[in-house]
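Asks: got a predicted structure plus its sequence, pasted below:
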Amino acid sequence: MPKKIRVIIAALFFVLITLLFLDFTGTLHKWFGWLARIQLIPAILAVNAIAVVSLVLLTLIFGRIYCSVICPLGIFQDGISNISARRKKKKSRFWYSPAKSWLRYGVLILFVISMVAGANAIASLLDPYAAYGRIASNFFAPLYYWCNNILAYFAERVDSYTFYSVDVWIKSGITFGITAATLIIIAILAWRNGRTYCNTICPVGTLLGLLSKFSLFRPTINTEKCNSCGLCARNCKASCIDTKAKNIDYSRCVTCFNCTEKCKTGAIKYTIRKKEKKKEPEINLPTTPTTPSNGGVSRRGALSLIAAFAVTNAIKAQEIRVDGGVADIEDKKVPKRKTPVVPPGALGIKHMKIHCTSCQLCVSACPNNILRPSSKLETLMQPEMSFERGYCRPECTKCSQVCPTGAIKSITTADKSAISIGTAVWIKDNCVVNTDEVQCNNCEYHCPTGAITLISKDPGSNNSLKIPVVDNSLCIGCGACEYLCPARPFSAIYVEGNIRHHSI
């Protein structure tokens, strides 16, 4: 029964966390965004004391149940391992292996040093939540979007606009390649031997393993009942049960309850840890009777939740707002910015670099297609803004609402309109006023703060064409001018990021 309850709760957590990366309408984050904020590394970076203390207490009481229930990468590995077992038709396929302590603690030390030194590119590669986020964002999300687009295609044929098409594209080749390599490594390890990644590489697993040595509840082997059949070890996906020594490595045990369920003699029980005493007559303490339970999360409830999300998603689809007509326009090229543009609420490049784990949740949630992973080494895979496919709309604050680490602080629409994240720069050689000698006022017309005005190109002529000038004290760097500039392939006006954001 404990295993069934764990599996149901873990499956629900996994589905909901995955949907956070697939939900391009932003609906689900309002209800279940807390699932991202209770992940250990995001909670630490966000200085979320309540979440961190809760996870520490959870581990000290129940062991590494975080790894089996809350961590999406751990549950993902379980899924791959279960598929492998069915393909190989071997349910009892694991074996005990000694702990590789030098590797585990070496990676943990590297992780801590990289975090302290601000080298988050290294830390983000090792953070299990961020690793799974990139997998969901780069592989699961495109499949989800393609299915959505197919539904939108057929719905449009019957004059229904319940669904709408969304763009599916690779936002960063480097990030996609790193994610693919991560996925392959984790999948191979899980396919071959279950939780190898968790107990040899994952720094979160190693850290929680240190705490789980002192957990109140733990699986315990009754040596008098144990017949050394090895069934528990062959079903232990953490490979931490030594049947010869009748010993369990609690630093690697992920509290999956496989051993307690498979033991035919009842020699392994998940019970309160006892201090070792001198051999005395065995006293069987009364335990809580196991009774059939209809509690927990039912399948009907889970299906109802997913159905409600789908309906809400369809309703939300009606709210999409876009500019312009339907004519195809030549794609723009990305300008070379000296300073990257990071979202409002990020405070600046330094704050983003220190706190971001590159989980890609903000990239997935951005409805305007302006956030994409960085390719620069110092900010590798962290979000940057680019305006070839849209601009940062004044009414949108979704990236600040979904960020679990505090890298992007929560802001209101009023706050956003007063935060300058960059400054528009006009390139006269690209402007159609100079290249084609035609009047254009797109940048002035679409500027939400009135930072761009047009002045006469030739002040001495009454019929002179007009060119834009930018008031830096009013520009907030939203990118509307850059996106809507008709010049191709490079815009005649682009946004240069501010190192530190400031109010206007």
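Replies: Ah, there it is.
Asks: which stretches of the protein have low pLDDT?
Replies: 275-330 (pLDDT under 70).
Asks: could you pick out the longest strand of it?
Replies: Secondary structure of the chain per DSSP state E: the longest strand is strand 493-503.
Asks: so what's residue 333 closest to, chain neighbours aside?
Replies: Distances taken as Cβ to Cβ, 6 or more residues apart in numbering put residue 489 closest to residue 333, at 4.4 Å, once the chain neighbours are dropped. No exception for glycine: its C-beta is placed from N, CA and C like everyone else's.
Asks: next: residue 197.
Replies: Using Cβ to Cβ, 6+ apart, the nearest residue to residue 197 is residue 189, at 4.8 Å.
Asks: what's the local residue count around that neighbour?
Replies: Each residue near residue 189 was counted by other Cβ atoms under 10 Å, and the total is 19.
Asks: please apply the same query to residue 436.
Replies: Residue 436 has 11 nearby residues by other Cβ under 10 Å.
Asks: for residue 19, same thing?
Replies: Around residue 19 there are 21 residues (other Cβ under 10 Å).
Asks: residue 146 contacts residue 168, doesn't it?
Replies: Yes: assessed by Cβ atoms under 8 Å, residue 146 is found in contact with residue 168 at 6.0 Å.
Asks: mutual contacts of these two, please.
Replies: Counting by Cβ atoms under 8 Å, 6 or more residues apart in numbering, residue 146 and residue 168 have no shared contacts at all.
Asks: and the strands in the stretch 51-200 of the chain, which stretches?
Replies: Assigned by DSSP state E, counting those that start in this stretch, the strands in the stretch 51-200 of the chain number zero.
Asks: the stretch 301-450 of the chain now?
Replies: 371-373, 383-385, 419-426.
Asks: need the winner for burial among those.
Replies: strand 383-385 (a mean of 26; mean count of other Cβ atoms under 10 Å).
Asks: now what about that strand, what contacts it?
Replies: Taking Cβ under 8 Å, 6+ apart as the rule, strand 383-385 contacts 340-343, 352, 356, 358, 360, 362-363, 370-374, 392, 399, 421, 479, 495, 497.
Asks: now do 7 Å
Replies: Residues from elsewhere that reach strand 383-385 (Cβ atoms under 7 Å, 6 or more residues apart in numbering): 340-343, 362-363, 370-374, 392, 479.
Asks: please apply the same query to stretch 130-147.
Replies: For stretch 130-147, contacts defined as Cβ under 7 Å, 6+ apart pick out 18, 21-22, 72-73, 76, 124, 166, 168, 175-176, 179, 182-183, 357-361, 363-364.
Asks: which parts of stretch 427-436 are buried?
Replies: 430, 431, 432, 433, 434 (16 or more other Cβ atoms under 10 Å).
Asks: again but with stretch 33-53, I slipped
Replies: If you call a residue buried by 16+ other Cβ under 10 Å, then stretch 33-53 has these buried ones: 33, 35-46, 48, 51.
Asks: nearest to residue 226, of those residues?
Replies: Relative to residue 226, the closest of those is residue 40; by Cβ to Cβ it sits at 33.9 Å.
Asks: for residue 411, give me its contacts.
Replies: 344, 345, 397, 400.
Asks: I'd like to know how far the first one sits from residue 105.
Replies: Here the distance between residue 344 and residue 105 works out to 40 Å (Cβ to Cβ, to the nearest Å).
Asks: go on, the last one?
Replies: Taking Cβ to Cβ as the measure, residue 400 falls 36 Å from residue 105.
Asks: more neighbours, these two?
Replies: Counted by other Cβ under 10 Å, residue 400 and residue 105 do not tie: residue 400 has more neighbours, with 21 against 16.
Asks: related to what we said a few turns ago, buried among the contacts of strand 383-385? Make that a PyMOL selection.
Replies: Under the burial definition 16+ other Cβ under 10 Å, those of these that qualify are selected in PyMOL by:
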select buried, resi 340+341+342+343+362+363+370+371+372+373+374+392+479
